[in-house]
Each structure stands twice: as C-alpha cells, then as structure tokens.
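Novice: here is my input; please provide its structure:
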Amino acid sequence: MKGTEFAELTAFLTVSDERNFRRAAQRLGMSPSALSHMIRSLEERLGARLLNRTTRSVAPTEAGQALFDRLRPAIDDMEGAIRDVGAYQTQPRGIVRVNLPRIAARLVVTPILADFLGEYPEIRLDLVIDDTLTDVVAKGFDAGIRSGELVQQDMIAVRLTPDLRMAVVGSPAYFAGRALPEVPRDIRDHRCITYRWSETGVLYRWSFDGPGGSVDVDVDSIVTANDTDLLLAAALQGAGLAFTPESFVAPYIESGELVRVLEPWCKPFSGFYLYYPNRPRMPLALRAFIDFIKFRNSLERQLA
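Specialist: Numbering: from 1, shown residues only. Model prediction:
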C-alpha cells in the first residue's frame, strides 16, 4: 500500500468517526477543503461513494460502513503495534540476550540478577553460557562478556572486573603422599585436569610467567572437558590438578578444600569486559543492563 493510499484511508476513518469534516480536519491537522479532496480521491480510486454529505451532517454509505467495519480493527491494531514499539524507547522492556562463559556468569552476572530484575520487571534476560569464542553479532546476541584480550577491536567494551589470575589447585587428598610442585616443570609429574575448547578441540595451555619469561608446560591430562564446573568438581574429588581463574576457586582455597600451588608463577591477565556492537539506536533494555552492571561492579570495586 502506498503512503497516499494509507493517508486516504486514515482520513476516511476520521471523518466517519467525527461525522463532521471540520472536526476531522482539525484532528488530522489539515484544511477541510484538503480533506474533502482526499475523500473524493479515495472514492474515485475505489469506484464507490463512501460518504453521504449534507450541509449539516456526514454519514457513511452502505459501502462506506462496510469499509469502515473492516478497516477500524486493522488500523487500531497497527496503531497499537506502533505504540508498543515506541514504548521500547520510552521505558526499558523486552529481551536482552547475552553470551558469556560460565565463570563470568558466576562472578559477574549471578550476583546482580535479583536486583536487576527487581529494578526492571519488564526486562527478560536470555543468558547463554558459552565457553567458546562465539561471534555475538552473527548469532543474534545483544552483548557478550569475555576476557579483554578476546574482545574484538570493533566492539565497544566496558571493564567489569580487575585483572584476573590463573591458579593451579588440587585437593588435600590428591596431594597426600605427593610432593607439591615448586616450579612449572614439576607439573609433568602430576595428573592434570584440562579444559578443551569444544569448537577446535585444542587443550587450554598451562602457561606461566617466571624470571626468564613465559613458560608453557605440556601436562599429563587425565581428564579433559569443555565445562569449567566439571573440572572444578574433578579437582575437589582429588582426580588431579586443575588450572582455572583464581576467583573461580578462591572460596575453596579459603575453606581448605583446595590447595593452591605455583602462585608466584601466575601473573595477572586482562579481566572480564562486557562488549557490544556500536549502534545508532541502542534498545533501552540493553542500555539499562549495561548501566546497571557497570554501576554494580564499580561499586563493588570501590568497597573492596
């Protein structure tokens, strides 16, 4: 339907509602003569008289009433749809889809979930746990969370955490009767639990930093998995050593359920960032999520 045709139908509905050309013209912001011309154009195009006009009143003809009865629900539905879309830009509502690794979900998102949803009851979060390097734009996500070194340069990135460190940990039961590794090469004598990237099948590197620079160690992987929770569970059960971000295992180290080794060899690396593509009109729901998570993480760093 052309724009002029839609305008003619809207004019017809307004005149039918008001039963008066002058009042209808005022509603439409046009002159009565322009409105009358528009109605005549519509009648000519349809080949039917739609309105009976007298000096005192205007009323739909039988054909006009039939057209009115069909058009009114459809136009009301269209106007409602337009108002609903506008509401997305006047108050935060709708779905925000975020792609993030399990560790980031635990450290960054889970602690703020209840407060965020309480603050914005009309927003729905679709959180997809993904430890691979997914292209968030191609997969239809609004945003992602990853370590800063993994965020593409064309994305807008917001720091969420301080720099992170890896930790080598094992249970007291595992270390019973075993010598604790003192340098990275000692790990070769231990059973190890290693993360495997599901997309490539590549094992996560056990990389350390020492006086002589970076050191990579080929480990004896007794267990490999693409799930960090499974690796943690295996370490807690005494299956072997795990290599994981220290913030992920900090509570277990503090409780004594895990023992940390090689701490001096684990140097900081880039922390987690929330990232999203640059767009001219960001949905308010996404803006609210970004601002909320930025504020909460900034507050926590100030209180730490």
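Novice: give me the buried positions along the helix or strand hosting Asp209.
Specialist: Here Asp209 sits within strand 206-210, counting by DSSP states H and E. By neighbour count on 16 or more other C-beta atoms under 10 Å, the buried set for strand 206-210 is 206-208. Placement of C-beta: from N, CA and C, glycine included.
Novice: how about the strands in the protein?
Specialist: Along the chain, counting by DSSP state E, strands occupy 51-53, 58-60, 94-100, 123-129, 143-147, 155-159, 166-170, 191-195, 206-210, 213-217, 220-225, 241-245, 259-261, 272-277.
Novice: for the third one, packing partners?
Specialist: Here strand 94-100 is seen to pack against strand 123-129, strand 143-147, helix 284-303 when contacts are counted using 3 or more C-beta pairs under 8 Å, 6 or more residues apart in numbering; DSSP states H and E.
Novice: neighbouring strands - and their directions - for the shortest one?
Specialist: In this case it means strand 143-147. Here strand 143-147 is paired, per DSSP bridges, with strand 94-100 (parallel), strand 272-277 (antiparallel).
Novice: what's the closest of these to Pro184?
Specialist: strand 272-277 (25.2 Å; C-beta to C-beta).
Novice: can you list contacts of that closest one?
Specialist: 104, 107-108, 136-137, 142-148, 151-152, 154-161, 164, 282, 286, 290, 293-294 (C-beta atoms under 8 Å, 6 or more residues apart in numbering).
Novice: now do stretch 45-65
Specialist: Residues outside stretch 45-65 that contact it (C-beta under 8 Å, 6+ apart) are 5, 8, 12, 15-16, 18-21, 39, 42-43, 67-68.
Novice: from those, which single one is nearest Ser221?
Specialist: Using C-beta to C-beta, Glu5 is the member of the contacts of stretch 45-65 that lies nearest Ser221, at 68.7 Å.
Novice: give the contact list for the closest one.
Specialist: Contacts for Glu5 (C-beta under 8 Å, 6+ apart) come out as Arg45.
Novice: on that earlier part again, just the buried ones from the contacts of stretch 45-65?
Specialist: Those of the contacts of stretch 45-65 that meet the buried threshold are 8, 12, 15-16, 18, 21, 39, 42-43, 67-68, by 16+ other C-beta under 10 Å.
Novice: can I get those in TSV with distance to Gly212 and pLDDT?
Specialist: Converted to TSV, the buried ones among the contacts of stretch 45-65 look like this (distance: C-beta to C-beta, whole Å; pLDDT from 0 to 100):
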residue	distance to Gly212	pLDDT
Glu8	81	84
Phe12	84	87
Val15	87	86
Ser16	87	87
Glu18	87	83
Phe21	90	86
Ile39	88	88
Leu42	85	86
Glu43	90	87
Leu67	86	86
Phe68	86	86
